[in-house]
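Undergrad: Provided below are the primary sequence and the corresponding predicted coordinates.
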Amino acid sequence: MSEQRNISPAEAISSPDRGVSSAEIAPSKEVASDTVRGYKLLANKIEKSDTDDRSYRMIQLDNGLQAMLIHDPETDHGSAALDVHVGHLSDPENLQGLAHFCEHLLFMGTKKYPVENDYNQYLSEHGGDSNAFTSLDNTNYFFEVRHEHLEGALDRFAQFFISPLFSPSCTEREIKAVDSENKKNLQSDNWRIFQLEKSLSSPQHPYCHFGTGNLQTLWDGPIEQGLDVRDELLKFHDRYYSSNIMKLVVLGRESLDKLTDWVVTKFSPIENKNIEAPVFPGNPLTPRELQKQVKIRPVKDLRTLELAFPFPDQYPLYKVQPGRYLSHLIGHEGTGSILSLLKKKGWANYLSAGASHGGIGFEFFKISVDLTEEGLNHTDEIVRIIFQYIEMMKRVGVQEWIFREIQGENPPSSYTSRVATLMQRPYPPEWVLSGPQLQVTSLPKPAEPTLRALTPSPLIRTFLISQSFDPKGMEVEKWYGTNYQDLRKLTLNAELKFPKPNPFIPTNFDTNKVPTKEPIKRPALICNNGISRVWHKKDDTFWTRMFTELLRDSLTEYSYDAEVAGINYSLENETEGISLEIDGYNDKIGILLDTIVQRMKAFEVKPERFEIVREEVRRGFKNFQLEAPHQHSMYYLSYVIQDRLWTHDEKLA
């Protein structure tokens with residue numbers, strides 16, 4: 001599959017006939033000119049999905065803070081999010097985790113609302129909640145609350161960025177909270193491998209640091225160095241928390257004028273220090289880090305091959321999105337694709353590819369292959385096949401028709417946290433909503449340099465992940481204790497082909513939207529005639545799981561084009577039977593439905609795929625034992641209250 005970047009993939013805009021419309025700014029006396037009391041209007045039109053009934057306005061306060069106001073007359077909850085363009089890449093080397101710690105301590109009272117839990121108590125009393133996250137180059141704070149209490153929550157929220165107390169009495173306790181959060185992640189393979197990837201990057205680049213932080217980096221170590229952690233936190237906050245690198249989104253039932261008034265009044269006091277957002281030139285993967293194959297022993301029973309390339313930063317290239325073009329082709333699952341050939345050989349189950357955002361100024365391109373047991377013995381051949389496909393891409397050249405096919409994927413969510421993050425990207429104001437999904441141009445020339453970035457060894461780093469590796473003699477990663485071994489190492493294939501033009505690309509984008517006074521609460525019988533009848537038999541064994549897994553596996557090559565075109569299907573085994581759901585553009589949805597139904601009627605199981613899929617299902621059951629406790633409690637609650645449910649151990653017996 002083509003894999004998109006952390007928060008958004010493709011950038012840019014398209015014409016309204018591709019499901020995008022221009023939302024006119026609602027007229028008001030207050031926005032008669034571009035410059036108004038305390039703010040200026042940034043865009044007269046906001047590109048949005050033609051099914052989006054919300055109204056939008058984007059403004060910039062006099063202190064440089066940019067805000068998106070969203071009027072939604074139907075929402076039950078108001079919401080706001082503020083994104084600061086600084087993350088843990090900006091941590092001091094001797095205080096790793098400081099940006100994350102700042103995120104925790106910021107909510108511990110303000111001068112206007114000094115009671116420590118006033119904000120959380122207000123939200124909980126009014127049907128709301130809040131959260132925050134710290135990433136590589138941004139920190140995002142957000143909340144929601146019942147719509148009639150939005151103003152009170154917004155006033156409390158704004159004060160965290162105007163006059164936080166950073167109370168000394170909270171310092172040690174919140175450091176312990178950060179440490180507890182880190183301990184929770186210690187047995188997570190995702191966190192372990194992510195940190196190992198960072199720890200093995202260039203020691204001259206801040207990407208190699210430990211961003212979460214723990215008791216050692218935020219308390220014991222600094223005390224030994226004679227540092228006052230709270231004083232260092234105040235310096236960090238004073239340096240980076242500036243209104244001109246903040247983006248705010250507020251969503252509520254109130255009019256755009258009322259939301260504008262609230263934002264101008266409540267957020268204008270945030271200090272503008274006129275700083276530049278931190279940038280991190282150079283890639284953390286230098287030739288020294290790239291000439292490696294790393295064997296990793298995971299906690300769960302995983303088998304993965306991952307290739308990583310240093311890659312040009314894709315954010316400035318939002319008009320063309322060349323990384324999206326490469327991920328579409330390398331991650332393709334249809335006939336002639338890398339995955340199709342690997343599955344034919346019995347070496348792989350899944351493949352994903354895509355650009356992965358690092359920080360401002362650098363990026364990676366990653367190709368990840370989920371291996372079968374047999375595939376683990378053929379990793380060199382798999383790498384060779386991948387580069388044979390890339391070589392074919394270079395010889396064929398960049399194709400404009402493929403750019404046109406991948407333009408119109410589903411638009412992103414308009415939720416406040418995500419929109420605030422999108423506002424940190426280099427899109428023009430009117431393209432903040434549409435930019436991540438639509439392309440301005442499909443000219444192939446700008447994609448050629450990014451294609452050249454995907455070169456064979458030694459300019460790659462390979463991660464090989466499996467429990468079969470003997471931990472003896474392996475090194476241990478400092479922060480998560482991951483076992484790894486660092487090894488210095490490092491014609492075309494006729495079975496690999498470019499995909500054919502996608503038959504699922506819709507030409508009719510009408511949504512046939514019908515307003516209803518009251519939502520339908522239960523299904524209605526719409527067809528019962530001689531053409532179609534549906535039978536249901538309650539399954540007394542476990543075969544529905546295998547049937548759905550095998551059917552999905554057999555449909556991969558065919559359904560991938562539909563997925564690219566925005567038509568998705570879900571085939572799931574449930575307590576009462578098998579559920580098939582299809583959603584997407586009306587124009588071509590029937591083609592996919594007909595094919596799936598015909599495949600179900602005349603389904604033939606290939607013995608070799610049966611064994612591979614069965615082993616994958618068994619591995620999933622075993623890996624469940626290593627999930628977090630709350631996952632087990634939810635699972636066993638279902639087991640207790642349902643008549644027909646078996647534990648994973650019973651299924652494995």
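TA: Thanks, I have it.

Undergrad: Looking at the protein, which helix is longest?
TA: Counting by DSSP state H, the longest helix found in the chain is helix 543-564.

Undergrad: Show me which residues of it are buried.
TA: Neighbour-count burial for helix 543-564, counted by 16 or more other CB atoms under 10 Å, picks out 544-564. Bear in mind the C-beta positions are built from the backbone N, C-alpha and C, glycine included.

Undergrad: how far out from the middle of the chain is that helix?
TA: Distance of helix 543-564 from its chain centroid, counting by CA atoms, centre = their mean, to the nearest Å, is 23 Å.

Undergrad: cool, and stretch 68-76?
TA: With CA atoms, centre = their mean, you get 24 Å for stretch 68-76.

Undergrad: average pLDDT for that stretch?
TA: What stretch 68-76 shows for mean pLDDT is 91.

Undergrad: Can you name the next helix or strand after the longest helix of the chain?
TA: Using DSSP states H and E, the next helix or strand after helix 543-564 towards the C-terminus is strand 568-574.

Undergrad: That next one vs helix 543-564, what angle?
TA: 170 degrees (axes from the mean of the first three to the mean of the last three CA atoms, to 10 degrees).

Undergrad: tell me what strand 568-574 is packed against?
TA: helix 543-564, strand 577-583, helix 586-601 (3 or more CB pairs under 8 Å, 6 or more residues apart in numbering; DSSP states H and E).

Undergrad: That strand pairs with which strands, and in what direction?
TA: strand 577-583 (antiparallel) (DSSP bridges).

Undergrad: Walk me through the domains of the protein.
TA: With domains defined by automatic domain parsing, the chain comprises 35-267, 287-402+442-488.

Undergrad: mind putting these in TSV, mean neighbour count and distance to residue 280 included?
TA: Shown next, in TSV, are the domains of the chain (neighbours: other CB atoms under 10 Å; distance: least, CB to CB, whole Å):
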stretch	mean neighbour count	distance to residue 280
domain 35-267	19	6
domain 287-402+442-488	19	5
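
Undergrad: Dump those to a markdown table, plus distance to residue 634.
TA: A markdown table is the format used below for those (distance: least, CB to CB, whole Å):
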| stretch | distance to residue 634 |
| --- | --- |
| domain 35-267 | 17 |
| domain 287-402+442-488 | 19 |
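
Undergrad: Mean pLDDT lowest where, among those?
TA: Among the domains of the chain, domain 287-402+442-488 carries the lowest mean pLDDT, a mean of 81.

Undergrad: those strands in the stretch 151-300 of the chain, which residues are they?
TA: Secondary structure of the stretch 151-300 of the chain (DSSP state E, counting those that start in this stretch): strands at 246-252, 291-297.

Undergrad: Would you reformat those strands as TSV and include distance to residue 323?
TA: Output for those, formatted as TSV (distance: least, CB to CB, whole Å):
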stretch	distance to residue 323
strand 246-252	23
strand 291-297	23
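
Undergrad: out of the ones you listed, which comes closest to residue 367?
TA: strand 291-297 (14.2 Å; CB to CB).

Undergrad: Direction included, what does that closest one pair against?
TA: Here strand 291-297 has these sheet partners by DSSP bridges: strand 460-466 (parallel), strand 483-488 (antiparallel).

Undergrad: Select, out of those strands, the one closest to residue 592.
TA: Closest approach to residue 592 among these (CB to CB): strand 460-466, 33.6 Å.

Undergrad: Need the contact partners of the closest one.
TA: Contact with strand 460-466 is made by 189, 193, 197, 200, 285, 289-290, 292-298, 302-309, 371, 376, 379, 383, 490, as judged by CB atoms under 8 Å, 6 or more residues apart in numbering.

Undergrad: so which of the helices and strands packed on strand 568-574 gets nearest residue 626?
TA: Of the helices and strands packed on strand 568-574, the one closest to residue 626 (CB to CB) turns out to be helix 543-564, at 20.1 Å.

Undergrad: now the angle from the closest one to helix 586-601?
TA: Using the same axes, to 10 degrees: helix 543-564 against helix 586-601 is 150 degrees.

Undergrad: Determine the set of other helices and strands touching helix 543-564.
TA: The contact analysis (3+ CB pairs under 8 Å, 6+ apart) places helix 543-564 against helix 338-344, strand 568-574, strand 577-583, helix 586-601, helix 607-623.

Undergrad: Throw those into a markdown table and include distance to residue 353, thanks.
TA: A markdown table is the format used below for the helices and strands packed on helix 543-564 (distance: least, CB to CB, whole Å):
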| stretch | distance to residue 353 |
| --- | --- |
| helix 338-344 | 8 |
| strand 568-574 | 19 |
| strand 577-583 | 25 |
| helix 586-601 | 23 |
| helix 607-623 | 20 |
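
Undergrad: Tell me which of these sits nearest to residue 251.
TA: Comparing the helices and strands packed on helix 543-564 by CB to CB, strand 577-583 comes nearest, at 24.4 Å.

Undergrad: How about that closest one, which residues are buried there?
TA: So, applying 16+ other CB under 10 Å, buried residues of strand 577-583: 578, 582.

Undergrad: my read: residue 584 touches residue 567, true?
TA: Yes - Residue 584 is within contact range of residue 567, at 3.2 Å (criterion: CB atoms under 8 Å).
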